[in-house]
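1. This is a predicted model, with the sequence first.
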Amino acid sequence: MRIMGLDFGAKTVGVAISDPLLITAQGIEIIRRKEENKLRKTLARIEELIVEYEVEEIVLGLPKNMNDTLGVRVELSYEFKEKLERRTGLPVHMWDERLTTVAADKAMIEAGLRREERKEHVDKVAAVFILQGYLDLRANKEKET
């Protein structure tokens, strides 16, 4: 079993996959589209990855505002969640993604990546942070029981 993490943006979706033991998250790709509302190919690619990696759950970033309010991106994320659930039949968990892009950018700066390289990979790395946070919480809950 594996879990997929998604960072859903206006024109990209960063994708991360857990290892089979559900311990670590690895970024695998960024799905790009020309227009924000064109999701057919994006959903088809996600379905291909689900089959390839034997994914049984999805974690989708929830882009709340820093003051904990919900904006337009949150509405779009919930609509995307519904589409994912309909198309894949898998459970989709929402995960607070505040500061994941900032953390991803900081990690890449510390790794010595130039600005152009960071822009190319930030969504995939943000998906890793989203998924890793979920995996860590899940592991901690299992330890408590």
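-> Alright, I've got the coordinates.
2. Please make it C-alpha for all contacts and neighbour counts, starting now.
-> OK.
3. So for the helix or strand in which Asp136 is found, mean pLDDT?
-> Here Asp136 sits within helix 115-144, counting by DSSP states H and E. Average pLDDT, helix 115-144: 82.
4. So which elements touch that helix?
-> Counting by 3 or more Cα pairs under 8 Å, 6 or more residues apart in numbering; DSSP states H and E, the packing neighbours recorded for helix 115-144 are strand 2-8, strand 12-18, strand 25-32, strand 55-62, strand 92-96, helix 100-110.
5. which of these is buried the deepest?
-> strand 2-8 (a mean of 27; mean count of other Cα atoms under 10 Å).
6. Can you list the strands that that strand pairs with?
-> The strands beside strand 2-8 in its sheet (DSSP bridges) come out as strand 12-18 (antiparallel), strand 55-62 (parallel).
7. want to try a markdown table for these, with mean pLDDT and distance to Glu82 as columns?
-> Shown next, in a markdown table, are these (pLDDT from 0 to 100; distance: least, Cα to Cα, whole Å):
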| stretch | mean pLDDT | distance to Glu82 |
| --- | --- | --- |
| strand 12-18 | 96 | 16 |
| strand 55-62 | 96 | 11 |
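8. Mind putting those strands into a markdown table with distance to Arg138?
-> Supplementary listing: the strands paired with strand 2-8 in a markdown table, determined by distance: least, Cα to Cα, whole Å:
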| stretch | distance to Arg138 |
| --- | --- |
| strand 12-18 | 12 |
| strand 55-62 | 12 |
